[in-house]
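S.K.: with the input below, show me the fold.
(one chain, ligands or ions: 1)
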Amino acid sequence: MKRLTLVFICAASLPLFSCESDPGKPNIEYMPDMVTSSAYEAFSANTITKDGRTMMAPPKGTVSRKQEPFDFGASPAEAARAGKTLDNPVPESDLVHKRGDVAFARWCTPCHGILGQGDGPITRLFPLPPSLTAPHAQDLADGQLFHIMTSGQGVMPSYAQQIEPRDRWMIVHHIRKMQYDAQVQAAQGAPAAPSPQVKP
Ligand code: HEC
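M.R.: Down below sits the predicted model:
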């Protein structure tokens with residue numbers, strides 16, 4: 001009987017606890033767990049993690065699922081080795097040429113010019129790059145062109161971070177097309193056309 005009375009009193013007093021008189025005031029949180037955990041900025045220092053960074057470096061040897069192996073150093077000798085070892089894995093198509101054209105226009109024309117003549121708009125401020133339709137560039141193997149985009153060459157920076165490998169291979173197709181067009185033009189007796197100038 002005593003127990004029944006206790007249960008009754010508890011049940012009757014429940015509404016008193018569950019309703020807060022001021023609806024703007026937060027209720028008491030029971031075990032909020034991680035809801036109110038302190039937030040860290042991704043690039044801020046961190047005293048808890050092993051390497052002292054909030055966004056920890058991946059364990060050594062980790063390879064992203066999209067990452068393609070590129071086992072070459074950054075030197076002309078390695079570029080030559082890439083030229084002997086790598087073949088363009090992307091088959092040619094109209095779509096590939098279109099995308100290669102767009103990627104080249106976006107990333108390479110500031111220096112190399114739209115037709116690859118080495119006369120892009122920033123060349124007034126930057127050392128003149130060589131023509132990509134000249135015999136030297138024509139003799140570079142596909143893998144060598146890919147290596148130059150991936151690792152850079154001399155003062156030309158690497159474009160590995162900006163351009164996906166597949167797009168770099170499409171640019172290789174685009175360079176070959178520019179070289180072919182320039183050869184056809186030269187055979188017709190026309191001087192190498194300067195790239196149409198784009199204002200920087
Ligand atoms: C910031 C300017 C700049 C940009 C952007 C740039 N390049 Fe270059 N590129 C150069 C310069 C300068 C050289 C000469 C480097 C050297 O050997 O010192 C060069 C060299 C090259 C060569 C070697 C040519 C040869 O005959 O040896 C290739 C191929 C090439 N670039 C392709 C590209 C492609 C493809 C892109 C776009 C993904 C690109 N470059 C973007 C400045 C640039």
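
S.K.: does the host helix or strand of Val184 come close to the ligand?
M.R.: Taking DSSP states H and E as the definition, one finds Val184 inside helix 165-187. Yes: residues of helix 165-187 contacting the ligand under CB under 6 Å from any ligand atom: Ile171. Every C-beta, even on glycine, is put in place using the N, C-alpha and C of the backbone.

S.K.: compute the first-to-last residue distance for stretch 147-167.
M.R.: 13 Å (CA to CA, to the nearest Å).

S.K.: quick one: average confidence on the helix holding Val184?
M.R.: Per-residue pLDDT values over helix 165-187 give a mean of 95.

S.K.: could you list the buried residues of that helix?
M.R.: Burial within helix 165-187, assessed by neighbour count using 16 or more other CB atoms under 10 Å, is assigned to 165, 167-179, 182.

S.K.: could you list every helix and strand in contact with it?
M.R.: helix 94-107, helix 135-138, helix 142-151 (3 or more CB pairs under 8 Å, 6 or more residues apart in numbering; DSSP states H and E).

S.K.: winner for burial among those helices?
M.R.: helix 142-151 (a mean of 22; mean count of other CB atoms under 10 Å).

S.K.: so how far is that one from its chain's centroid?
M.R.: Helix 142-151 sits 16 Å away from the centroid of its parent chain (CA atoms, centre = their mean, to the nearest Å).

S.K.: show me which residues of this structure sit near the ligand.
M.R.: Close to the ligand, as judged by CB under 6 Å from any ligand atom, the chain has residues 107-108, 110-112, 126-127, 129-130, 132, 136-137, 140, 145, 148-149, 153-156, 159, 163, 171.

S.K.: let's see it at 5 Å
M.R.: With CB under 5 Å from any ligand atom as the criterion, the chain meets the ligand at residues 107-108, 111, 129-130, 136-137, 145, 148-149, 153-156, 159, 171.

S.K.: follow-up on the earlier one: could I get the helices and strands packed on helix 165-187 as a markdown table with distance to Leu86?
M.R.: Listed next are the helices and strands packed on helix 165-187 as a markdown table, based on distance: least, CB to CB, whole Å:
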| stretch | distance to Leu86 |
| --- | --- |
| helix 94-107 | 17 |
| helix 135-138 | 17 |
| helix 142-151 | 3 |
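
S.K.: reformat these as a markdown table; add mean pLDDT.
M.R.: A markdown table is the format used below for the helices and strands packed on helix 165-187 (pLDDT from 0 to 100):
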| stretch | mean pLDDT |
| --- | --- |
| helix 94-107 | 96 |
| helix 135-138 | 95 |
| helix 142-151 | 97 |
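
S.K.: out of the ones you listed, flag the one nearest Lys66.
M.R.: Nearest to Lys66, of all the helices and strands packed on helix 165-187, is helix 142-151, at 15.2 Å by CB to CB.

S.K.: for that closest one, packing partners?
M.R.: Helix 142-151 sits against helix 76-85, helix 165-187, with contacts defined as 3+ CB pairs under 8 Å, 6+ apart.
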